[in-house]
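> Quick one, fold the following:
(one chain, ligands or ions: 1)
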Amino acid sequence: MTEPNTQTCCVDGCHRWTRHETLRKSFGYLPREWICRECWASVPKSYRRVVHRIDRTAKRYGWNKRLRMRRRLAWDRIKRYLDSNPLGIPPDLL
Ligand SMILES: [Zn+2]
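Below you'll find the model as predicted:
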């Protein structure tokens with residue numbers, strides 16, 4: 001960490017960071033975990049779409065218990081994927 005009020009990418013081995021201010025601006029709140037642009041881009045599109053769809057639904061109808069649970073499961077799947085692919089290489093290319 002180079003300065004206070006920053007958050008580092010939650011992927012192991014990735015040291016990219018961002019300011020809390022930037023996160024608040026782009027998400028509207030401060031997320032507990034954050035994945036940097038480069039790591040996020042290496043996640044399969046189908047995984048990313050699930051998170052985006054849940055966020056869209058929540059934005060329109062508000063959060064509920066089911067939605068929160070689905071969001072966490074989708075997020076955990078992405079993190080598991082990134083842990084098993086630290087270089088961001090899709091499994092079918094290894
Ligand atoms: Zn990262």
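> how near is Arg60 to the ion?
Counting by CB to the ion, to the nearest Å, the gap from Arg60 to the ion is 29 Å. (Each C-beta comes from the backbone N, C-alpha and C, glycine too.)
> ah, wrong one, I meant Arg68
To the ion, Arg68 is 24 Å away according to CB to the ion.
> tell me which element that residue is part of?
helix 65-84 (DSSP states H and E).
> What residues sit buried inside that helix?
Neighbour-count burial for helix 65-84, counted by 16 or more other CB atoms under 10 Å, picks out 70-71, 74-75, 78-79, 81-82.
> Between those, which sits nearest the ion?
Leu82 (8.0 Å; CB to the ion).
> who's in contact with the nearest residue to the closest one once chain neighbours are set aside?
The spatial neighbour of Leu82 that comes closest, neighbours along the chain excluded (CB to CB, 6 or more residues apart in numbering), is Val11 at 4.8 Å. Shown in contact with Val11 (CB atoms under 8 Å, 6 or more residues apart in numbering): 35-36, 39, 79, 82-83, 86.
> Could you work out the most separated pair of these?
Farthest pair in those (CB to CB) is Cys36 and Asp83. Separation: 14.9 Å.
> Identify the residues contacting the lowest-mean-pLDDT helix or strand in the chain?
Here the helix or strand of the chain ranked lowest by mean pLDDT, DSSP states H and E is helix 37-41, holding a mean of 91. Here helix 37-41 makes contact (CB under 8 Å, 6+ apart) with 9, 11, 14, 16, 48, 82, 88.
> distance of the residue nearest the centre of the chain from Val50?
Central residue of the chain (CA atoms, centre = their mean): Ile35, 4.3 Å from the mean position. To Val50, Ile35 is 14 Å away according to CB to CB, to the nearest Å.
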